[in-house]
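Q: predicted model follows, preceded by the sequence.
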Amino acid sequence: MHKTAVILFLAFYFLKWIALTFNLEGMKTFFAKKSLRIFEMVISTLFLATGIYLMVNLAPEMRSNLLWIKIALVLTSIPLAVVGFKRGNKILATLSVLLIVASYGLAEMHKKRPIVNKEKTVTATTGEDIYKANNCAVCHGQDGKLMLNDAKDLTSSALSRADIEYQILNGKNAMPGYKNTLTTEQLKLLTDYVETFRKK
């Protein structure tokens, strides 16, 4: 939901910026409509509320400098956008749009950072402990449904057991591979545990 809110927010403000920057009176009139102002408030609220929700639920190991810079950019862009668009100030409006786009870029960079287990080997002996020790819950959640950083919902996964094992060993996207940290027995236990999410 946050990604949808961000895309709508970016698109709305980019179009609004075009109308202001190029003095397109028809577009300015369109954006001045009461229904559009309500839409703007809704997507702005969704953008902030879903962002705050994700931030609160983010594991400490995911809170990097990139994340804090992104938040600072967003918080700086808000008053600039309010003043810039309200007063028709093209410089402030442009700066606010650039800061929002930059924060989106930083979010994408932050998302692609793999969460690597700091230990070389895992000593856990149950599937659940291995899942926690390898930071699987950071992106998949304790219940397998979090889907942070493009992680899949493990409760609705259609992967075969062999595919689950392959993905655990080799990783995918932001997920690192664990072929150098897990024993054959630990891989079996972790795969068993991941498969239990589908049965819940």
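A: Ah, there it is. Residues are numbered from 1 along each chain as shown.
Q: avg pLDDT for stretch 70-77?
A: Mean pLDDT, stretch 70-77: 91.
Q: residues of it that come out buried?
A: By neighbour count with 16 or more other Cβ atoms under 10 Å, stretch 70-77 contains the buried residues K70, I71, L73, V74, S77. Just so you know, the C-beta spots here come from the backbone N, C-alpha and C atoms, and that holds for glycine as well.
Q: check stretch 90-110 too.
A: Neighbour-count burial for stretch 90-110 [16+ other Cβ under 10 Å]: L92, A93, L95, S96, V97, L99, I100, S103, Y104, L106, A107, H110.
Q: and the least confident of those?
A: Lowest pLDDT among the buried residues of stretch 90-110: H110, 64.
Q: between the buried residues of stretch 90-110, which is nearest L154?
A: Distance to L154 across the buried residues of stretch 90-110 (Cβ to Cβ) is lowest for H110, with 22.2 Å.
Q: list the contacts of A107.
A: V6, K70 (Cβ atoms under 8 Å, 6 or more residues apart in numbering).
Q: need the phi and psi values for it.
A: Per-residue torsions, A107: phi -60, psi -40 (degrees, to the nearest 10).
Q: next one: it relative to G51, how far apart?
A: From A107 across to G51, the span is 9 Å (Cβ to Cβ, to the nearest Å).
Q: buried sites along stretch 161-171?
A: I164, E165, Q167, I168.
Q: what separation do you get for A72 and G105?
A: Relative to G105, and taking Cβ to Cβ, A72 is found at 14 Å.
Q: also H2?
A: H2 is 16 Å from G105, by Cβ to Cβ.
Q: same check on A19?
A: Between A19 and G105 the computed distance is 24 Å (Cβ to Cβ).
Q: likewise L148?
A: For L148, the distance to G105 - Cβ to Cβ - is 18 Å.
Q: so what's E40 up against?
A: Contacts of E40 by Cβ under 8 Å, 6+ apart are F12.
Q: other residues contacting stretch 6-13?
A: 39-40, 43-44, 46-47, 81, 96-97, 100-101, 104, 107.
Q: same question for stretch 193-200.
A: So stretch 193-200 is contacted by 126-128, 130-131, 136, 143-144, 154-157, 161, 164, 168 (Cβ under 8 Å, 6+ apart).
Q: quick one: which of those has the most company?
A: I130 (28 neighbours; other Cβ atoms under 10 Å).
Q: in three-state terms, label it for me.
A: Assigned by DSSP: H, G, I helix; E, B strand; the rest coil, the conformation of I130 is helix.
Q: neighbours of I38, how many?
A: 10.
Q: what do you get for V194?
A: 23.
Q: give me the buried positions along whichever helix or strand it is part of.
A: Under the criterion of DSSP states H and E, V194 resides in helix 184-196. Neighbour counts over helix 184-196 (16+ other Cβ under 10 Å) mark Q186, L187, L189, L190, T191, Y193, V194 as buried.
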